[in-house]
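Asker: Below is the sequence, then the predicted model.
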Amino acid sequence: MSGLNRITRRSFVTAAAVTTAASALGAKTLGLASLNGRDAAGMPPVDWRSQGVIDLKRSRYAKLHTVPVHAVTLHEGFWQDRRKTNVSQSIPTMHALLEEHGRMDNFRRLCGKSIAAQRGRYFSDSDVYKWTEAASFADQSGDAGVFQEQIDVITDLIQRAQEPSGYLNTYYADDRVNLRMTQQAQMVGHELYNIGHLIQAAAAQYRATGDQKLLDCCLRFVDDFLLPGYGPELTKKPIVAGHPEIEMALVELYRLSGDRRHLELAGYILGSDQRLVLTPDESVYLFCGIPFVSRTKLEGHAVRAMYACCGATDYYMETGDENYWRTLNVLWEDLVRDQMYITGGVGARRKHEAFGDPYELPNLTAYGESCAAIGNMMWNWRMLHASADAKHTDVIERALYNGINSGMSLSGTLYCYRNPLAFDPTVSTPIRNPWYDTTCCPPNLERTFASLPGYFYSTSADGLYVHLFHNSTLDWKLEGGLAIHVEQQTGYPWDGRVQINVNPAESAEFTLYLRIPGWAKTTKVEIAGKEISGVVPGKYLALKRVWKPGDLVSMEMDMSPKLLVADRRVAEDQGKVAVQRGPLVYCVEDIDQAPDTSVRDLRLVREQDTQSKFEIRRQADLLGGIDVLEHPGAYTRNAEADAAESLYAEPGAASSLPTRAKMIPYYSWANRGQSGMKVWIEV
Ligand SMILES: [Zn+2]
């Protein structure tokens, strides 16, 4: 996260845990309950136990519908290791760090429980809210109630810190009260950004326990403070998002409340209020301040742009506004054609943490903020549900396994803020740290991993979509109400074979939509041993039939490692290749090189038949257990240039030392100390 130069920086589902006790604000609790009963879309209310990461069951323009996090149980394997570490290490240590750095005391101070001075930047409240969201998602799956006590304490502090007017912010208090909601504060002060994260935390907590206390706080802010004083009416003050986030949160609040004013407020903010005039540079950087539908490219601060796109897609799924859909698709094409790293990371420039020009994708100085890759996944998750198009799932998987996964150390306690595609330890500061003064990324990674089970499947009117692969079980129901139990057995992402056991409660006709990854050259799909035709990479394979309990779908994806080249307009990657196997992008690290050599000197020796040149070796004791790739390579040096004392010299003869280039998955880099690294390798 950063500001403009002037402000630089920038369910568990056990009935026992359900607490529906009226909060101190009983009226609002009642309000939400009754709003659930009179849904604006005229559809029946959705039980909290049935709600997904975002809840689309009543979204008229969503083709797919999410399943709740608790419906999917991850078993042994890649993401289960990560999920366990997240619950046992990341979320608890982040709670301690938030305490240590005064983030909780900021709330205690406002309720008279602490005399500590305010600490942290103006977005610090969002760190507490994102932690609460992560803990609430963890409590929706295998770790029921682990964090509930801590969440209850935080909830109590938030309730007490909220002012009678509904206003809530620990930074704009005391001598900063006069700055509240001024145009300057709205632009760079993150008041509504913070509330957006509170709404997302409140939704996750409600979906874990049915507890509405945090939602009450959100309704008090939006209904009592924001709506009466701010909006398009001339009697009210205008709003600019500043850091987009509130838009998607308000649409989610609408999905919970059924109160159309929440959706309309999101639309008003996305449309931008022309009474507030931003400079062109400001509207580019902030990715707000001009109508969203007037955007033609991704630019400015990457996290802001991604979050704005999330909000706009959410708004489209409720309204069906074609102008939004058209704009979103233009922006998506811009993303995948010239702005996205091979890791799914976005945001090329350190300055303003921003998108660059088309094809400006530097490696060493790549910014690739963890939050931006997460924003990319969140946006594509929404685009997937609006369109049912597997091209979005390909982007989700690319970001998840690479540019997001690299953001957290294997220990779960160190985080990357930047995720570059090359690294020189002699000129760079530590890349993994336990804490950042701007600590947006760590709890963002935690909430993403905690909610991950909710990303594996979706339902549609005619069946079930399988998006991701992992040892897991799904216990859910089709949209007609038929209970279904699905088991996946696989060693993915190390092994391309997946066995999917489909168990409807009784035989019934429906369609199982099986994702065929775009990266898989060939995928063989069989049902009960009979091969299925019509498999197309990058599409969902529609398997419509009468499914019987115990039907078995087998798929086998080609997991051969591949060399990839970049579009010739990406100047940084010319003469280089990247290596990908399945969904995993690989890299080379200094620590794996011969003595007195560096990845800087390493190139791959490429011959015509590249596939056969790879050797895949399982190393269970390395980096949590990975498949290492080896490929013929050479260290090439130029003695004259090395010896020259000037920056430039005539080339002279190069020496070349053959080697086997050892590659590790990109997500696992910088877990053995700080080491030189590169993804794009000279050939
Ligand atoms: Zn961040």
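Answerer: Received it, and whenever you're ready, just let me know what you need. These numbers come from a predicted model, not from an experiment.
Asker: which parts of the protein sit against the ion?
Answerer: 369, 371, 440, 441 (CB under 5 Å from the ion). Where C-beta positions appear, they are placed from N, C-alpha and C, glycine not excepted.
Asker: Pick out the most distant pair among those residues.
Answerer: 369 and 440 (8.1 Å; CB to CB).
Asker: More neighbours: these two, which one.
Answerer: Each of residue 369 and residue 440 has its neighbours counted (other CB atoms under 10 Å); residue 369 has more, 29 against 23.
Asker: count of residues packed around residue 451?
Answerer: If we define neighbours as other CB under 10 Å, then residue 451 has 22 of them.
Asker: Show me what counts as buried in the helix or strand encompassing it.
Answerer: Assigned by DSSP states H and E, residue 451 belongs to helix 441-451. For helix 441-451, the neighbour count (16 or more other CB atoms under 10 Å) marks 441, 442, 443, 444, 445, 446, 447, 448, 449, 450, 451 as buried.
Asker: and the residue nearest the centre of the chain, what does it touch?
Answerer: When CA atoms, centre = their mean is applied to the chain, the residue found nearest the centroid is residue 374 (2.4 Å). If you count contacts by CB atoms under 8 Å, 6 or more residues apart in numbering, residue 374 has them with 399, 404, 407, 444, 445, 448.
Asker: residue contacts, the last one?
Answerer: Yep, that's residue 448 we're talking about. So residue 448 contacts 374, 377, 404 (CB under 8 Å, 6+ apart).
Asker: and after the helix or strand of the chain with the lowest mean pLDDT, which helix or strand comes next?
Answerer: Scoring the helices and strands of the chain by mean pLDDT, DSSP states H and E places helix 26-37 at the bottom, with a mean of 42. As assigned by DSSP H and E, the chain's next helix or strand after helix 26-37 is strand 65-66.
Asker: Parallel or antiparallel, list what pairs with that following strand.
Answerer: Strand pairing for strand 65-66, determined by DSSP bridges: strand 457-460 (antiparallel).
Asker: who's in contact with the strand it pairs with?
Answerer: With CB under 8 Å, 6+ apart, strand 457-460 has contacts from 63-67, 71-72, 384-385, 388, 464-467, 474, 476, 478-479, 486, 511, 513.
Asker: Just the residues you listed: which are in strands?
Answerer: 65, 66, 72, 464, 465, 466, 474, 476, 486, 511, 513 (DSSP state E).
Asker: From those residues, pick the one nearest residue 95.
Answerer: Nearest to residue 95 among the ones in strands among the contacts of strand 457-460, with distances taken as CB to CB, is residue 72, at 25.1 Å.
Asker: how many neighbours does that closest one have?
Answerer: 23.
Asker: circling back: pretty sure the residue nearest to the centre of the chain is in a helix, no?
Answerer: Yes: counting by DSSP: H, G, I helix; E, B strand; the rest coil, residue 374 is found in a helix.
Asker: so which strand or helix has residue 526?
Answerer: Per DSSP H and E: strand 523-527 holds residue 526.
Asker: now the contacts of residue 374 in TSV, with distance to residue 638 and pLDDT?
Answerer: Listed next are the contacts of residue 374 as TSV, based on distance: CB to CB, whole Å; pLDDT from 0 to 100:
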residue	distance to residue 638	pLDDT
399	37	98
404	38	98
407	36	98
444	43	98
445	41	98
448	44	98
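Asker: What about residue 243? Give its phi and psi, please.
Answerer: With angles defined as degrees, to the nearest 10, residue 243 sits at phi -120, psi 100.
Asker: In the stretch 51-200 of the chain, what residue spans correspond to strands?
Answerer: 65-66, 72-74 (DSSP state E, counting those that start in this stretch).
Asker: what does the average pLDDT come to for the longest one?
Answerer: Per-residue pLDDT values over strand 72-74 give a mean of 97.
Asker: shared neighbours of residue 369 and residue 440, which are they?
Answerer: residue 303.
Asker: How about residue 89, nearest residue that isn't a chain neighbour?
Answerer: residue 412 (3.7 Å; CB to CB, 6 or more residues apart in numbering).
Asker: what's the distance between that neighbour and residue 71?
Answerer: As judged by CB to CB, to the nearest Å, residue 412 and residue 71 stand 25 Å apart.
Asker: Low-confidence ranges, the stretch 501-650 of the chain, go.
Answerer: 609-612, 640-641 (pLDDT under 70).
Asker: Identify the residue of the stretch 201-350 of the chain closest to the ion, quick one.
Answerer: As assessed by CB to the ion, the ion sits closest to residue 303 within the stretch 201-350 of the chain, at 6.3 Å.
Asker: surely that residue meets residue 369?
Answerer: Yes: here residue 303 reaches residue 369: they are 6.2 Å apart, a contact under CB atoms under 8 Å.
Asker: Overlap in contacts, these two.
Answerer: Joint contacts of residue 303 and residue 369 (CB under 8 Å, 6+ apart) are 347, 353.
Asker: which intervals of the protein have sub-threshold pLDDT?
Answerer: Within the chain, the stretches with pLDDT under 70 are 1-44, 143, 609-612, 640-641.
Asker: what phi and what psi does the backbone show at the nearest residue to residue 667 once chain neighbours are set aside?
Answerer: Among residues not flanking residue 667 along the chain, residue 405 sits closest, at 3.7 Å (CB to CB, 6+ apart). Phi and psi for residue 405, reported as degrees, to the nearest 10, are phi -60, psi -30.
Asker: Okay, residue 405 and residue 345: tell me how far apart.
Answerer: Residue 405 is 11 Å from residue 345, by CB to CB.
Asker: what about these two, which has more around it?
Answerer: residue 345 (30 against 27).
Asker: Quick check: the more buried one touching residue 373?
Answerer: Yes: applying CB under 8 Å, one finds residue 345 in contact with residue 373, separated by 4.9 Å.
Asker: Look up the residues that both of these two are in contact with.
Answerer: Joint contacts of residue 345 and residue 373 (CB under 8 Å, 6+ apart) are 399, 403, 419.
Asker: ok so residue 242 is a strand residue?
Answerer: No: counting by three-state DSSP, residue 242 falls outside a strand, being coil.
Asker: Run through the residues that contact it.
Answerer: 185, 186, 187, 188, 189, 190, 191, 192, 193, 286, 288.
Asker: Confirm that residue 622 sits in a strand.
Answerer: No: counting by three-state DSSP, residue 622 is not part of a strand but coil.
Asker: Roughly how far does it sit from the ion?
Answerer: Plainly put, residue 622 is 29 Å away from the ion if you go by CB to the ion, to the nearest Å.
Asker: Which residue comes closest to that residue once chain neighbours are left out?
Answerer: residue 628 (6.9 Å).
Asker: which SSE is the one you found in?
Answerer: Short version, using DSSP H and E: residue 628 is in strand 626-638.
Asker: Pull out the buried positions in that strand.
Answerer: Those would be 626, 627, 628, 629, 630, 631, 632, 633, 634, 635, 637, 638, for strand 626-638 by 16+ other CB under 10 Å.
Asker: Can you add distance to residue 80 and give those back as JSON lines?
Answerer: Formatted as JSON lines, these follow (distance: CB to CB, whole Å):
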{"residue": "626", "distance to residue 80": "16"}
{"residue": "627", "distance to residue 80": "17"}
{"residue": "628", "distance to residue 80": "21"}
{"residue": "629", "distance to residue 80": "24"}
{"residue": "630", "distance to residue 80": "28"}
{"residue": "631", "distance to residue 80": "30"}
{"residue": "632", "distance to residue 80": "35"}
{"residue": "633", "distance to residue 80": "34"}
{"residue": "634", "distance to residue 80": "39"}
{"residue": "635", "distance to residue 80": "38"}
{"residue": "637", "distance to residue 80": "44"}
{"residue": "638", "distance to residue 80": "47"}
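Asker: Can you name the residue of the stretch 501-650 of the chain nearest to the ion?
Answerer: residue 585 (20.6 Å).
Asker: Who are the packing partners of whichever strand or helix holds that residue?
Answerer: Using DSSP H and E, residue 585 sits within strand 584-589. Packed against strand 584-589 by the contact rule (3 or more CB pairs under 8 Å, 6 or more residues apart in numbering; DSSP states H and E) you find strand 576-581, strand 654-665, strand 677-678.
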